[in-house]
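[1] no sequence for this one, just the structure:
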């Protein structure tokens, strides 16, 4: 009888504890961070600016590359006409021009990469307080990025709401 009473007490306490933990439901929502960064007004403007800058640099560098190739062909055609010293000097000049071109091109690409990273940081910096206030207002316990979710309902997706709030807070980024 003594063991039966202990068994009943332990079983009832486990059932009550399990039920009380089940009562505190956790609200988990999904946020598509890629969509927020790419399709918000500020994100689109930043992407358009960076794409335009990249295209302009690409045109400028492709024309310089064509000129360097033409100079190289011209120099190779004159190889038999020029003396070895003169050919060597012109080849060294062409190599220096090519090295300057490669350095400038690499610098331009690095500049665009840093601007992209700065824009992302600025967007995330503005997004964080918006998310925090939304989480507190709606008693949300966890926000998960959509790319880490395999399945789920559309009711838990807060992406559109957050994009609307972000568009009000940050209409554009000043990238220059």
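    Ah, there it is. Predicted model only: the values in this text are computed from it and were never measured.
[2] all contacts plus neighbour counts: C-alpha atoms, from now on.
    Noted.
[3] following the strand or helix carrying residue 46, which helix or strand shows up next?
    When elements are assigned from DSSP states H and E, residue 46 belongs to helix 41-77. Remark: after helix 41-77, the chain's next helix or strand is helix 84-137, criterion DSSP H and E.
[4] relative orientation of that next one and helix 41-77 in degrees?
    For helix 84-137 against helix 41-77, the angle by axes from the mean of the first three to the mean of the last three C-alpha atoms, to 10 degrees is 170 degrees.
[5] so what's residue 60 up against?
    With C-alpha atoms under 8 Å, 6 or more residues apart in numbering as the criterion, no residue contacts residue 60.
[6] so where's the protein shaky on pLDDT?
    Where the chain drops to pLDDT under 70, the residues are 1, 5-6, 9-10, 12-15, 17-25, 176.
[7] nearest residue to the most centrally placed residue in it other than its sequence neighbours?
    Residue closest to the mean C-alpha point of the chain, counted by C-alpha atoms, centre = their mean, is residue 120 at 5.9 Å. The spatial neighbour of residue 120 that comes closest, neighbours along the chain excluded (C-alpha to C-alpha, 6 or more residues apart in numbering), is residue 37 at 7.3 Å.
[8] a helix runs through the one you found, doesn't it?
    Yes. Assessed with DSSP: H, G, I helix; E, B strand; the rest coil, residue 37 lies in a helix.
[9] Could you report the neighbour count for residue 40?
    If you count neighbours by other C-alpha atoms under 10 Å, residue 40 ends up with 24.
[10] Pull up the gap between it and residue 137, please.
    Going from residue 40 to residue 137 by C-alpha to C-alpha, to the nearest Å gives 22 Å.
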